[in-house]
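[1] Sequence and predicted structure are below.
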Amino acid sequence: MTQPPALRHIAHPGQPAQARDAALPCHARPVTLTLRAGATVAQAITDALAQAGIQAAYLRLDGAMLSALRFVIPAPAPGDGHAAWYSRTYAPAQPVRLLHAGVHAGWREGARFLHCHGLWDGTAPAPAMGHVLCPESILAAPYQAKGWAIEGAGLHVEHDPETEFSLFQPHSMPHDATPNAVLATLRPNRDIEQALAGIAARHGMQNGRIHGIGSLVGTCFQGGGYIDSYATEILIRDGRLQAGKVALDVASVGFDGRALAGWLKPDANAVCVTAEVLLIATA
């Protein structure tokens, strides 16, 4: 499908907030956590984080084998005022191996809360990417999850009047480590790469790696690939900040369940509902 000529926008039910992102300095350190087989993804991660004394984290689940996967994909607005919604729950009959998956571990009303997007081996025409329902998806085997413990900031779920969704927002947390990263969330209708470049500049970061998940108003790739759905979900597979400029390699899925992946086209991908991103400085 031909890509649109300009950055697309979406209308949410609430008044747009004046601040179009929230970003806090933090310290990110590499961690490897052992997730136990037979537990749900949510319980396995919760237990591993508690054992390690980690309050906030971003983890990759690339290669994890699931005996049960439950997930949803983006769906058109339901007519209740929300700009977009979620599909029915999909439940593949066979075990699934995640190719790539990213999960933010934060908090909701005092309890651990996870937000996960993943890409996996699938059988057409079933979707092979989506929002993984961590409390309902079960690990088939022990798994070594690699990622980053986040100190000095963490994501907490709050009601967002602009979108009328409950969304992660960064909150300061006690720490004494020197900041080397920024934990950020983005609001709708700004190009995701431009927004991240602006956050990096404000925090004096010129080079780094970018990790996270989010949603876009359609997804435009370099070379012409395009997902037309006005709400798509993305997973950042490879994010780079070089000399102040951002480039993102993402996997994306829209209403039809068709997953595409590649480098985003510059200045062409507006945030739909939110993006939750960890920027880690490099030399």
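    Happy to help now that I have it.
[2] what's the distance between residue 207 and residue 130?
    32 Å (C-beta to C-beta, to the nearest Å). The way it works is simple: take the backbone N, C-alpha and C, and place the C-beta from them, glycine included.
[3] More neighbours: these two, which one.
    residue 130 (27 against 14; other C-beta atoms under 10 Å).
[4] What does the more buried one show for phi and psi?
    Torsion angles at residue 130 (phi, psi; degrees, to the nearest 10) stand at phi 170, psi -170.
[5] Beta-bridge partners for it, please?
    residue 118 (DSSP bridges).
[6] wait, it sits on residue 118?
    Yes. Using C-beta atoms under 8 Å, residue 130 is in contact with residue 118, at 7.1 Å.
[7] shared neighbours of those two, which are they?
    Listed contacts common to residue 130 and residue 118 are residue 71; contacts here mean C-beta atoms under 8 Å, 6 or more residues apart in numbering.
[8] so what pLDDT did residue 5 get?
    At residue 5, the model reports a pLDDT of 68.
[9] what's the answer for the one 4 residues further on, then?
    Note for residue 9: predicted pLDDT of 96.
[10] Ok, residue 283 next?
    For residue 283, the predicted pLDDT is 80.
[11] who's in contact with the spatially closest residue to it that is not a sequence neighbour?
    Spatially, and ignoring its direct neighbours in sequence, residue 283 is nearest to residue 207 (6.8 Å; C-beta to C-beta, 6 or more residues apart in numbering). With contact taken as C-beta under 8 Å, 6+ apart, residue 207 is in contact with 241-243, 281-283.
[12] Looking at the residues you listed, which are in helices?
    Among the contacts of residue 207, DSSP state H puts none in helices.
[13] Can you say which of those residues are buried?
    Listed as buried from the contacts of residue 207 are 241, 281; burial here means 16 or more other C-beta atoms under 10 Å.
[14] out of the contacts of residue 207, which are inside strands?
    241-242, 281 (DSSP state E).
[15] what's the residue positioned nearest the centre of the chain in contact with, if anything?
    The centre of the chain sits closest to residue 213, judged by C-alpha atoms, centre = their mean, with a distance of 1.5 Å. Residue 213 is in contact with 102, 104, 115-117, 233-236, 275-276, counting by C-beta under 8 Å, 6+ apart.
[16] try 6 Å this time
    102, 117, 235, 276 (C-beta atoms under 6 Å, 6 or more residues apart in numbering).
[17] count of residues packed around residue 159?
    Count around residue 159 with other C-beta under 10 Å applied: 10.
[18] which secondary structure element contains it?
    Taking DSSP states H and E as the definition, residue 159 sits inside strand 153-160.
[19] what about that strand, average pLDDT?
    The model assigns strand 153-160 a mean pLDDT of 98.
[20] and that strand, what other elements does it pack with?
    When contacts are defined as 3 or more C-beta pairs under 6 Å, 6 or more residues apart in numbering; DSSP states H and E, strand 153-160 sits against strand 96-108, strand 165-172.
[21] Show me which parts of the last one are buried, residue by residue.
    So the one you mean is strand 165-172. Those would be 165, 167-171, for strand 165-172 by 16+ other C-beta under 10 Å.
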